[in-house]
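Student: everything below, folded, please.
(chains A and B)
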Amino acid sequence: MPRRKGAPEVNAGSMADIAFLLLIFFLVTTTIETDAGLDRMLPPIEPPETDVIIRQKNIFTVNINKNGQLLVEDELMNLKDLRKAATAFLENNADGSCSYCKGRKDAASSDNPTKAIISLKNDRETKYSTYITVQNELVGAYNDLRNREAQRLFNRDFTEMESEYLNPETPTATRDDLKDKVKRIQDMFPQKLSEAETSTN
Amino acid sequence: MAKFTKKKDGDLPAVSTASLPDIVFMLLFFFMTVTTMKDSSLLVENTLPNATEIKKLEKKDRVIYIYVGKPTQEYQSVFGTEPRIQLNDKFANVDEVGSYILAERAKKPQELQNVLTTALKVDKNANMGLITDIKQQLREVNALKVNYTTYEGDAFNNLQ
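Tutor: Residues are numbered from 1 along each chain as shown, chains lettered A, B, ... in the order given. The predicted structure is shown next:
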């Protein structure tokens, strides 16, 4: 008697096992992308040709010693107060030329945000984690001010605008639009964070 | 009423597992797309510090990595317990950083060579002295854009 049936069906029951095997292989060998961090620019090695004279009151000095203690403007400071102090310094606005600042106009502090410079110095034995915390607080001070102005002008946070602008998946039209806004806020509070060479003792 | 009471008596029908492979494949593809291969095995301890004001490193092909930290247990007998630099798959001295950056830069396509970022993956227990030396080296080869890679989290947790 001739067979009437077609080819017998292939048993696909082990397909799931194979797929699981592959899945587990990829789970083990790969890592979820965690790369994010604090972006910083290092100063160029060759000094600028013209010497710029910066008045002492426009510099906000932050020193970290090897025990992780902070010396801010020659006074011992707790790390938790650093952000507030930096913010106050940046928008101090002593010469009154900055219309959006809410500072105290203290004559002994910075003239306006474009002139204000934060100088960060550390010891060779400073712990990296402390250094990152200080950097984070100083960048945070800038971001707080920029967010405030961005909220006032564009009703959204600067950090959010910037990350959307930097994201390569954002459509070009949106990016062009954001570019001017981001630039405008950045110019209001230019990030001038100098990292002096380390003291050796 | 017979309509309602007339049911197949006895065993439950078996749940079809025919779509199980599809589900697993879906998971597989998900993990394949969101994850990246580990490109170099770590020879140093690498617990990154936390920070809140972070930016994402967008394009992986524009990043050069430098790892710093204490050598892991199995290398401690040879390399000691002081923090060391890891470039690619081997330990290096500070003065090799500059040439490493130049070599890595030369490998990248022309149009990317000016937009490279150096990602410093530094263990939170390292000292700043080594980092300062690395920064000096980076300045010498004009690799000025750096990213201190961190985890997202409260920065004050670093101090404990």
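Student: going forward, measure contacts and count neighbours with C-alpha atoms only.
Tutor: OK.
Student: all helices for chain B, in order.
Tutor: All helices of chain B, identified by DSSP state H, fall at B:2-5, B:20-34, B:76-79, B:97-107, B:128-140.
Student: out of those helices, which one sits most buried?
Tutor: helix B:128-140 (a mean of 20; mean count of other Cα atoms under 10 Å in any protein chain shown).
Student: show me the contact partners of that one.
Tutor: Contact partners of helix B:128-140, identified using Cα atoms under 8 Å, 6 or more residues apart in numbering or on different chains, comprise A:42-45, A:122-128, A:131, A:197-198, B:94-95, B:97-98, B:101, B:144.
Student: re the thing from before, residue A:6 is nearest to which of the helices of chain B?
Tutor: Nearest to residue A:6, of all the helices of chain B, is helix B:20-34, at 24.8 Å by Cα to Cα.
Student: name the helices or strands packed onto that closest one?
Tutor: With contacts taken as 3 or more Cα pairs under 8 Å, 6 or more residues apart in numbering or on different chains; DSSP states H and E, helix B:20-34 sits against helix A:15-29.
Student: contact partners of the helix it packs on?
Tutor: Residues outside helix A:15-29 that contact it (Cα under 8 Å, 6+ apart) are B:20, B:21, B:24, B:25, B:27, B:28, B:31, B:32, B:37, B:38.
Student: distance to residue B:126 and pLDDT added to those residues, as JSON lines?
Tutor: As requested, the contacts of helix A:15-29 are arranged in JSON lines below (distance: Cα to Cα, whole Å; pLDDT from 0 to 100):
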{"residue": "B:20", "distance to residue B:126": "48", "pLDDT": "82"}
{"residue": "B:21", "distance to residue B:126": "47", "pLDDT": "81"}
{"residue": "B:24", "distance to residue B:126": "42", "pLDDT": "83"}
{"residue": "B:25", "distance to residue B:126": "42", "pLDDT": "84"}
{"residue": "B:27", "distance to residue B:126": "38", "pLDDT": "84"}
{"residue": "B:28", "distance to residue B:126": "38", "pLDDT": "83"}
{"residue": "B:31", "distance to residue B:126": "33", "pLDDT": "80"}
{"residue": "B:32", "distance to residue B:126": "33", "pLDDT": "79"}
{"residue": "B:37", "distance to residue B:126": "26", "pLDDT": "67"}
{"residue": "B:38", "distance to residue B:126": "23", "pLDDT": "63"}
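Student: among the helices of chain B, which one carries the weakest average confidence?
Tutor: Of all the helices of chain B, the minimum mean pLDDT falls on helix B:2-5 (a mean of 61).
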